[in-house]
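Chemist: attaching a predicted model along with its sequence, questions to come.
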Amino acid sequence: MDAAAGPVGSLPGAVAHAVGTALGPGLRVLAARPVGGGCINEAARLETDRGPLFCKWHDAPPPGMFAAEAEGLAAMRAAGADLHVPEPLAWRDGEEGGPGFLVTSWLERGRPGADFDTRLGEGLAALHTASAPRFGFSRDGYCGTTPQPNSWLPRWVDFYRTRRLGHQTRLARDGGRLDGAQAALLERLLGRLDELLADDGEPPALIHGDLWSGNLYAGEDGLPALVDPAAHYAHREAELGMMTLFGGFSDRVYAAYHAARPLAPGWRERNGLYQLYHVLNHLNLFGGGYGAQALALARRYV
């Protein structure tokens, strides 16, 4: 595909032009066919003269969305866990009014192997050994389309209070999703976090950050593949908040994780605090009954 290319299959002309320029003259895109890319972006499989690639795009993406995802994918790949993670190859975030996109390696889907759940649990335990000096990430990101601030902080409880629960509470209050009394309930919870999430000495752990069953599938070899991360360095228990919220992960996953890297006693009691972040995010994204669910979770801890 040269820089003057028009539409290629399902790839609009403006996206085709931007992708062709980013991939460089040494690679030709021959065709594109649509694939499922979630509810935020359009997506396609690109057939190239060097094999298939994955591309997702947005006409006007939030600032830095694709760059943050690309850096998250790169960090997860660098962790060396036995998990498939696509390689980010090219991206842009709609600078100067153009479309934004992310191109990655193509991960062929397969059938889960007999040990899929065990390998997932062990792989997540290995991913979580990747660490950093503080909690946060190299850039701010997104969970869905909700901005996710990631500025570094040395204490997990401070990070979770300000960058996660406090941030989502402010968005919900300012957006009219929570009234004053409801926001005050969540503020009381924020005031108790030092007691509820006492410093246990856990180092920052690289987590996927948005791990529900829709962001997991089996690769061609039957092993787990993770996509669409909201990656950052967190307390590793935070990963389980989203995993347990909507289900889709068997007890074998948690057993394998615990066998590889045991969780501290009481993690299940703390799990609702980590579910709360994602429920508040869903409230800010979708409204509806997520407000009642968030308040019910908060009342367990105040």
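Modeler: Structure's in. What do you need?
Chemist: can we go C-alpha only for contacts and neighbour counts from here?
Modeler: Will do.
Chemist: now the strands: where do they sit in this protein?
Modeler: 29-34, 42-48, 51-58, 88-93, 100-105, 141-143, 146-148, 205-207, 216-218, 224-226, 232-234 (DSSP state E).
Chemist: tell me which of the ones you listed sits nearest to residue 289.
Modeler: With Cα to Cα as the criterion, residue 289 lies closest to strand 146-148 of these, at 18.1 Å.
Chemist: in its sheet, what does that closest one sit against?
Modeler: strand 141-143 (antiparallel) (DSSP bridges).
Chemist: same list (the strands of the chain) but as TSV, adding distance to residue 242 and mean pLDDT.
Modeler: Converted to TSV, those look like this (distance: least, Cα to Cα, whole Å; pLDDT from 0 to 100):
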stretch	distance to residue 242	mean pLDDT
strand 29-34	28	88
strand 42-48	24	92
strand 51-58	23	93
strand 88-93	24	92
strand 100-105	24	94
strand 141-143	11	97
strand 146-148	15	97
strand 205-207	11	98
strand 216-218	12	96
strand 224-226	14	98
strand 232-234	13	98
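Chemist: closest one to residue 21 among those?
Modeler: The nearest among these, by Cα to Cα, is strand 88-93 at 9.8 Å.
Chemist: angle of the closest one against strand 100-105?
Modeler: Between strand 88-93 and strand 100-105, the angle comes out at 180 degrees (axes from the mean of the first three to the mean of the last three Cα atoms, to 10 degrees).
Chemist: make 41 the first number, not 1, from now on.
Modeler: Yes, from this point I'll number from 41; that puts the last item at strand 128-133.
Chemist: how far does strand 128-133 sit from the chain's center?
Modeler: The chain centre lies 16 Å from the centre of strand 128-133; the measure is Cα atoms, centre = their mean, to the nearest Å.
Chemist: same check on stretch 168-176?
Modeler: Counting by Cα atoms, centre = their mean, stretch 168-176 comes out at 16 Å from the chain centroid.
Chemist: need the contact partners of that stretch.
Modeler: Here stretch 168-176 makes contact (Cα atoms under 8 Å, 6 or more residues apart in numbering) with 119, 190-196, 199, 243-247, 272-276.
Chemist: stretch 270-287 too?
Modeler: Contacting residues not belonging to stretch 270-287 are listed as 108-109, 112-113, 116, 168, 171-172, 174-177, 181-183, 190, 196, 242-253, 289, 303, 307, 311-316, 318 [Cα under 8 Å, 6+ apart].
Chemist: swap in 6 Å and give it another go.
Modeler: Applying Cα atoms under 6 Å, 6 or more residues apart in numbering, the contact partners of stretch 270-287 are 112, 175-177, 183, 244-252, 311, 314-315.
Chemist: quick one, which of the contacts of stretch 168-176 are buried?
Modeler: 119, 190, 192-193, 195-196, 199, 243-247, 272-276 (16 or more other Cα atoms under 10 Å).
Chemist: including distance to residue 104, could the strands of the chain go into TSV?
Modeler: Formatted as TSV, the strands of the chain follow (distance: least, Cα to Cα, whole Å):
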stretch	distance to residue 104
strand 69-74	24
strand 82-88	17
strand 91-98	12
strand 128-133	6
strand 140-145	9
strand 181-183	7
strand 186-188	10
strand 245-247	19
strand 256-258	23
strand 264-266	21
strand 272-274	15
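Chemist: so which of those strands comes closest to residue 155?
Modeler: strand 264-266 (9.8 Å).
Chemist: name the nearest residue to residue 267, sequence neighbours excluded.
Modeler: Spatial nearest neighbour of residue 267, excluding adjacent residues (Cα to Cα, 6 or more residues apart in numbering): residue 255 at 5.2 Å.
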